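# Here's my sequence, what's the structure:
(chains A and B)
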Amino acid sequence: MTYIVVSHKVGRPGDVYIPAEGVNVAALLDGGFIVESTKTVTKSAKPKPSKTADPTTEATQSDEE
Amino acid sequence: MATAVYLSNLSALTVNGVDLLQQVTAFNYTKAKDQLEATSYGDLSRVYVGGLFDNQITMSLYMSYIAGETFDTLNPLTGSNTTVVATIVDGAVTTVLTLTGCYLPSLGVISGSLGELSVVDVEFNGGTFS
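Presented below is the predicted three-dimensional model:
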């Protein structure tokens, strides 16, 4: 389950809320500080290494070897 | 003679992750351990040993019923466990006091006198000190 910050008292409104240890999430929901999000959070994709790396650099290095 | 004077002040206070620094006017944090008697015949004075920790936080807060303020924070917590974190800055030293899993037994829903700001006193009992 993902939670979204509503009140600035618990974080920046709109951000995903990650409860710290011991925090009573049900109470925060009851108080309207956070809301449940229906969206699932997916890990952001890692940037793939560029396939168009400069081949001349590698060639130069190998030439030096 | 070296003397260090600390002016009582908090730089941050959260109850269940909610920032209540703007409402708090008094704060007490007591770390305590049960005193168990271990006196036996032959002792000439009473002997005590430590039992379980029995920590307590008491605080006075300005009551506010608008969204995201004192009442909304404490009302759902009444009769349940939560975490209180207080941060004290004394010169270059920052101390963070955390009481995890403390219990809020009661909440004065209306408290005040004519012509005065409404202030509610609450206590959090038990929990783990760190």
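# what's next to stretch B:73-84, contact-wise?
A:9, A:20-24, A:26-28, A:30-31, A:33, B:13-18, B:20, B:57, B:61, B:98-107, B:109, B:120, B:122, B:124, B:126-127 (C-beta atoms under 8 Å, 6 or more residues apart in numbering or on different chains). Yep, even glycine has a C-beta here, placed from its N, CA and C like the rest.
# Now list the buried members of these.
The neighbour count (16 or more other C-beta atoms under 10 Å in any protein chain shown) marks A:9, A:22-24, A:27-28, A:31, A:33, B:13-18, B:20, B:57, B:61, B:98-100, B:102, B:104, B:107, B:120, B:122, B:124, B:127 as buried among the contacts of stretch B:73-84.
# Which of those residues fall within strands?
Residues from the buried ones among the contacts of stretch B:73-84 lying in strands, with DSSP state E as the criterion: B:13-15, B:18, B:57, B:61, B:98-100, B:102, B:104, B:120, B:122, B:124.
# Which ones among those residues also lie next to chain A?
B:18, B:100 (C-beta under 8 Å from any C-beta of the partner chain).
# what's the closest of the ones in strands among the buried ones among the contacts of stretch B:73-84 to residue B:67?
Comparing those against residue B:67 with C-beta to C-beta picks out residue B:18 as the nearest, at 11.8 Å.
# Would you mind listing what in chain B touches chain A?
Counting by C-beta under 8 Å from any C-beta, the residues of chain B that sit close to chain A are B:16-20, B:67-68, B:72-73, B:75-77, B:80-83, B:100-101.
# quick one on the thing from earlier: got CSV for the ones in strands among the buried ones among the contacts of stretch B:73-84, with distance to residue B:113 and pLDDT too?
Formatted as CSV, those follow (distance: C-beta to C-beta, whole Å; pLDDT from 0 to 100):
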residue, distance to residue B:113, pLDDT
B:13, 25, 94
B:14, 29, 95
B:15, 24, 96
B:18, 27, 95
B:57, 25, 95
B:61, 16, 94
B:98, 34, 95
B:99, 30, 95
B:100, 35, 95
B:102, 29, 96
B:104, 24, 97
B:120, 13, 95
B:122, 18, 96
B:124, 25, 97
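# Switch the ones in strands among the buried ones among the contacts of stretch B:73-84 over to CSV; also include distance to residue A:1.
Supplementary listing: those in CSV, determined by distance: C-beta to C-beta, whole Å:
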residue, distance to residue A:1
B:13, 27
B:14, 22
B:15, 22
B:18, 19
B:57, 29
B:61, 30
B:98, 24
B:99, 26
B:100, 21
B:102, 24
B:104, 24
B:120, 31
B:122, 29
B:124, 26
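# Please consider this matter closed, and thank you.
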